[in-house]
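# need a structure here:
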Amino acid sequence: MKNRIILLLVSSIASIQMYAQNLKVVKADKEYDRYAYIDAIKTYERMSEKGYKSVDMFQKLGNAYYFNGDLAKAAKWYTELFVLTKDVAPEYYYRYAQSLKAIKEYDKADAMMVKFNHENGNDLRAKLASEQKDYLAVIKKNSGRYAIENAGVNSEYSDYGSSFFGDKIVFTSARDIGNFVKIIDSWTGEGFTNLYEATRKSDGTLSSVEHLSRKLNSKFHESTPVFTKDGKTVYFTRNNFLNGKKGKDANKTMLLKIYKATLEDDTWTNIIELPFNSDNYSVAHPALSSDEKILYFASDMPGTFGQSDIFNVTINEDGSFGTPQNLGNNINTEGRETFPFITSENELYFASDGHPGLGGLDVFVSKAKQEGSFKNVLNVGEPLNSSKDDFSLLIDPKIQLGYVTSNREGGQGDDDIYRFKEIKSIEYPCEQFLTGLVTDKETGLALIGAKLTLFDSSYKLLKEILTDKDGKFDFDQVECDSKYYIKSEKSEYNTIETPVVTAKESGKTFVPLVLEKTIKKLAIGDDLAKAFDIKVIYFDLNKFNIRPDAAIDLSKILDVMEQNSNIKIDIRSHTDSRQTHAYNKKLSERRAKSTMEWLANNGINKSRLTAKGYGETQLINKCTDGVECTEREHQANRRSEFIIVK
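Got it, this is the predicted structure:
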């Protein structure tokens, strides 16, 4: 019988689009007495023109143009990156593929995407295949949580779709009580369904079945009612029939609509249809949220993904309704999603043959997130579900008693109502919340209004937000044990992208993000090395000749001095405390002078350079002679400084 009530639909698919925001680079139009500005990206490009190469440099250049939307230039620098190395994070294969498409190198782009899918096991296709493979294990884990038995009110006909109504249960049945003439539905071979009520005892058993009301029942199908808590309003499903008039679609079929009625003097009256009904599609199976401000229902109205989807609609204070909203493809599939029920705990139960199940319709549950959306869908398992159709679940979570309909083996009719006791609550998936703070690298101050964009592991755009007045951001709930990417953008700052892996347990993942200004302000006393994160100009052990990798870092200093002819610097070389004072002093002096000579040999006038070695006289931690320290602590003392003196 429920096949007459369950709805049909068409399918659709959503597309994914990624967004990028322009980086704003501010150039000073004059030099100031005590400071100058530098543009790190332009420095990297000039370095490349001079023949310098590094993975870090090409990544930064490619990313700069990729996030700026200039994919042709991004392709240039990513090409240089892949010439140097293939040992990169999976996201670079993805970006490179997108950039190659911009210059119509589709074969090469496709090859990059194959590599991306191979490297990234969390892409959408891999995830779906994994879910399909493990669904029986998931169902088994959720099974054994119910004790179930016949509710005691079933007939040889279809009985289904129960609802709480005070101390009674109202349900749908094709039985015919007290009628001399039985009207037969030619589709089902049974009588048209009416609404019946039964007394509900404290243990959930039912008895004393009666018609709910001849005023509410008609000569066509009525089913699946839901009542307000005060018992004065009911929403219910009926064929397209009101005030003696039948409505049909273009195929001359009477579809389903939801109607509303009020109780006056113990009689249901003022029957009206809801405004979002239509002769051209079905709307059925209403369910009310605990606060009675939201109505859930099933429909194949426009915007449906599959054969039937679950929607909700706001009930306004004046009794009017908002615009129905599809619950989305986390709940709805290309199949049938129908018979919703929402508990006081914001748990949405529904029937589906689109999600992996045991056969036919299975009952699933999803708990609403903080913002009201539904994401994780769980099969409630055996014995509530079976290889047959199982649907129309109703439960009181406070006493863990409920009812479900099934046409499983051993029943009395086509569909039967079963009473069940929930022995153990379902274990919902881990819940993680993603938050963080954005600060300025130089000052450490919070950055207000920074734009944060969240992507999943397959680079699907999930959410865009701005930091608040305290520089904080909150992406709310995300998946546990999952990889995400956060893109951070703010005017006059370099855009960065940060990978984040959430924990396996429920909790909060906090991500501190530090943004560096694109244009750097330098004053007397500042260290040019800090502007480019140059911690050490490396030399071979006990030597002072400039190594090739050190030349890459020195070229950054060289470029700044070439672009700012008034800058003078003092080169300072430091060692750790190992070896003698005298040895360290001489070694640091030779290294400082070697660094100065390299800059001079590459075009910087020596009048703009001074150099001095300090040995171990300016240690920045406790690691003096005789003090036991880690290699990392000693490394902190081995540093190079390029101090601006003019």
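# Can you report how many residues neighbour residue 44?
23 (other CB atoms under 10 Å). (Glycine included, C-beta is placed from N, CA and C.)
# so it makes contact with residue 61?
Yes - under the criterion of CB atoms under 8 Å, residue 44 makes contact with residue 61 at 5.5 Å.
# I'd like the distance between the closest residue to residue 512 other than its chain neighbours and residue 506.
Nearest residue to residue 512 in three dimensions, chain neighbours excluded: residue 437, at 5.4 Å (CB to CB, 6 or more residues apart in numbering). Shown here: residue 437 relative to residue 506, a distance of 22 Å by CB to CB, to the nearest Å.
# which one of the two has more residues nearby?
Higher neighbour count among residue 437 and residue 506: residue 437, with 16 against 12, using other CB under 10 Å.
# For the more buried one, give me its contacts.
Neighbour list for residue 437: 446, 467, 470-473, 510, 512-513 [criterion: CB atoms under 8 Å, 6 or more residues apart in numbering].
# Tell me the buried residues in stretch 276-295?
Using 16 or more other CB atoms under 10 Å as the test for burial, stretch 276-295 gives 276-278, 281-289, 294-295.
# Among those residues, which lie within strands?
Per DSSP state E, strands hold the following members of the buried residues of stretch 276-295: 283-288, 294-295.
# can I get the residues you listed in a markdown table with distance to residue 364?
Converted to a markdown table, those look like this (distance: CB to CB, whole Å):
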| residue | distance to residue 364 |
| --- | --- |
| 283 | 21 |
| 284 | 18 |
| 285 | 15 |
| 286 | 19 |
| 287 | 14 |
| 288 | 19 |
| 294 | 19 |
| 295 | 20 |
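# Kindly indicate which of those lies nearest residue 249.
Closest approach between these and residue 249, by CB to CB: residue 283, at 12.6 Å.
# confidence score at that closest one?
Among the per-residue scores, residue 283 shows a pLDDT of 95.
# From here on, call the first residue 38.
In the new count, where the first residue is 38, that last one comes out as residue 320.
# Ignoring the adjacent residues along the chain, who's closest to it?
The shortest distance from residue 320 to any non-neighbouring residue, by CB to CB, 6+ apart, is to residue 336 (4.6 Å).
# What is the burial count for that neighbour?
26.
# so what's it bridging to?
residue 320, residue 346 (DSSP bridges).
# Could you tell me how far it is located from residue 643?
Distance from residue 336 to residue 643, by CB to CB: 82 Å.
# do the same with residue 611
Distance from residue 611 to residue 643, by CB to CB: 22 Å.
# Low-confidence regions, the stretch 238-387 of the chain specifically.
For the stretch 238-387 of the chain, the stretches with pLDDT under 70 are 251.
# residue boundaries of the strands in it?
If DSSP state E, counting those that start in this stretch is used as the criterion, the strands of the stretch 238-387 of the chain fall at 243-248, 259-264, 270-276, 278-279, 282-283, 293-301, 304-310, 320-325, 331-336, 346-351, 362-363, 374-379, 384-389.
# TSV for these, including distance to residue 192?
Below are those laid out as TSV (distance: least, CB to CB, whole Å):
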stretch	distance to residue 192
strand 243-248	9
strand 259-264	15
strand 270-276	20
strand 278-279	24
strand 282-283	27
strand 293-301	23
strand 304-310	23
strand 320-325	21
strand 331-336	25
strand 346-351	29
strand 362-363	36
strand 374-379	20
strand 384-389	22
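# Surely residue 673 is in a helix?
Yes - applying DSSP: H, G, I helix; E, B strand; the rest coil, one finds residue 673 inside a helix.
# how deep is the nearest residue to residue 553 once chain neighbours are set aside tucked in, by neighbour count?
The shortest distance from residue 553 to any non-neighbouring residue, by CB to CB, 6+ apart, is to residue 478 (4.4 Å). Here the number of neighbours of residue 478 (other CB under 10 Å) works out to 14.
# Helix or strand: which one has the residue nearest to residue 549?
According to DSSP states H and E, residue 474 maps onto strand 469-477.
# partner strands of the helix or strand following that strand, parallel or antiparallel?
Counting by DSSP H and E, the next helix or strand C-terminal to strand 469-477 is strand 488-492. Applying DSSP bridges to the sheet, strand 488-492 is found paired with strand 498-503 (antiparallel), strand 520-526 (antiparallel).
# which residues touch strand 488-492?
Against strand 488-492 from outside (CB under 8 Å, 6+ apart): 55-56, 58, 471, 473, 475, 498-504, 510, 512, 515, 521-527, 550.
# quick one, helices of the protein?
Counting by DSSP state H, the chain has helices at residues 39-42, 77-86, 92-104, 108-121, 127-139, 143-156, 161-179, 565-568, 585-600, 618-638, 668-674.
# what's the spacing between the fifth one and its chain's center?
From the chain centre to the centre of helix 127-139 is a distance of 22 Å (CA atoms, centre = their mean, to the nearest Å).
# could I have that helix exported to CSV, CA atoms only?
Provided in CSV are the C-alpha atoms of helix 127-139 (Å, rounded to 0.1, in the frame of the first residue of the first chain):
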residue,chain,number,x,y,z
PRO,A,127,49.1,16.4,-3.9
GLU,A,128,47.4,19.8,-4.2
TYR,A,129,50.2,20.9,-6.5
TYR,A,130,49.2,18.3,-9.1
TYR,A,131,45.6,19.6,-8.9
ARG,A,132,46.7,23.3,-9.3
TYR,A,133,49.0,22.4,-12.1
ALA,A,134,46.3,20.5,-13.9
GLN,A,135,43.9,23.5,-13.6
SER,A,136,46.6,25.8,-14.8
LEU,A,137,47.5,23.6,-17.8
LYS,A,138,43.9,23.7,-19.0
ALA,A,139,44.1,27.4,-19.1
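# That helix versus strand 488-492: what angle between them?
100 degrees (axes from the mean of the first three to the mean of the last three CA atoms, to 10 degrees).
# cool, the longest one as well?
Inter-element angle recorded for helix 618-638 and strand 488-492: 100 degrees (by the same axes, to 10 degrees).
# Only the buried residues of helix 618-638, if you could.
Residues 621-622, 624-633, 635-636 are the ones in helix 618-638 that count as buried (16+ other CB under 10 Å).
# Nearest to residue 120 among those?
Out of these, the member with the shortest distance to residue 120 (by CB to CB) is residue 635, at 26.6 Å.
# Name the nearest residue to the closest one, sequence neighbours excluded.
Excluding its sequence neighbours, the residue lying closest to residue 635 (CB to CB, 6+ apart) is residue 583, at 4.9 Å.
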